[in-house]
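Enquirer: only geometry, no sequence info:
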């Protein structure tokens, strides 16, 4: 058997999975068929490159509600992850986000992302932020969701090398239930030397 020809069993299975993608969407089709999402995405990419028929993309005719869900997911977990999981192009998600921000779908309001400037950033104490969150018995996911920021951002803020927007640090302090000042890093070089 040549490597250029696929066995009929694989073609039949792929057709069945494509039908599930059409009907239920990528994630549900993967779950129902027991086929990894990455495998289905590989089939779709390969078939598109060859010009072979592929299922109508779930996102090509996604409802406004589904687009909104994908955009919210992108804001929470990051555009790359949302694009991968929904089998949607990053530019498409960004375009949808702009449509929601501009109010083209009034039933689904979405505030614009806040633009940050270096002067708006404060140096938080990542260890203090993490300790406060843990002592409050909260997960990163819960704190990030309550503060309205992506979880990966909170992970970076709990580290020592990423500065946090002041407004975000204030929201984090409020969500965790600690004073804002408790989360600020001590300015370097301000230690008093004994005389």
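Expert: Structure's in. What do you need? Owing to the predicted nature of the structure, the values given are computational and were not obtained by experimental measurement.

Enquirer: beyond the helix or strand bottoming out on mean pLDDT in the chain, next helix or strand please.
Expert: Every helix and strand of the chain was ranked by mean pLDDT, DSSP states H and E. The lowest is strand 121-122, at a mean of 65. Later in the chain than strand 121-122, the nearest helix or strand by DSSP states H and E is helix 126-135.

Enquirer: need the contact partners of that following helix.
Expert: For helix 126-135, contacts defined as C-beta atoms under 8 Å, 6 or more residues apart in numbering pick out 140, 143, 157-160, 162, 172-173, 176, 178, 182-183, 185. In this view, the C-beta of every residue, glycine as well, is placed from N, C-alpha and C.

Enquirer: I'd like the next helix or strand past it.
Expert: Using DSSP H and E, the first helix or strand after helix 126-135 is helix 140-147.

Enquirer: now do the buried residues in that following helix.
Expert: 140, 143-144, 147 (16 or more other C-beta atoms under 10 Å).

Enquirer: what about residue 155, how many residues close to it?
Expert: 14 (other C-beta atoms under 10 Å).

Enquirer: specify the local secondary structure of it.
Expert: When classified by DSSP: H, G, I helix; E, B strand; the rest coil, residue 155 comes out as helix.

Enquirer: how about it: what's its closest non-neighbour residue?
Expert: Closest residue to residue 155 apart from its sequence neighbours, by C-beta to C-beta, 6 or more residues apart in numbering: residue 140 at 6.3 Å.

Enquirer: hmm, the one you found is touching residue 153, no?
Expert: No: between residue 140 and residue 153 there is no contact under C-beta atoms under 8 Å: 9.9 Å.

Enquirer: from memory residue 97 sits against residue 74, does it?
Expert: Yes: between residue 97 and residue 74 a contact is recorded at 6.9 Å, counting by C-beta under 8 Å.

Enquirer: tell me the pLDDT of the residue sitting nearest the centre point of the chain.
Expert: Closest to where the C-alpha atoms of the chain average out (C-alpha atoms, centre = their mean) is residue 77, at 2.0 Å. Note for residue 77: predicted pLDDT of 79.

Enquirer: residue 167 now?
Expert: Confidence score, pLDDT, at residue 167: 84.

Enquirer: what do you get for residue 57?
Expert: 52.

Enquirer: next, the buried residues of the longest helix belonging to the chain.
Expert: Using DSSP state H to define each element, the chain has its longest helix at helix 8-24. Within helix 8-24, the residues that qualify as buried are 14, 17-18, 20-21, counting by 16+ other C-beta under 10 Å.

Enquirer: stretch 84-93 too?
Expert: Result for stretch 84-93 [16+ other C-beta under 10 Å]: buried residues 85-88, 92-93.

Enquirer: just the ones of those residues in helices?
Expert: Here DSSP H is the test, and the buried residues of stretch 84-93 give 85-86, 92-93 as lying in helices.

Enquirer: what's the closest of the residues you listed to residue 49?
Expert: In terms of C-beta to C-beta, no member of these lies closer to residue 49 than residue 92, at 18.5 Å.
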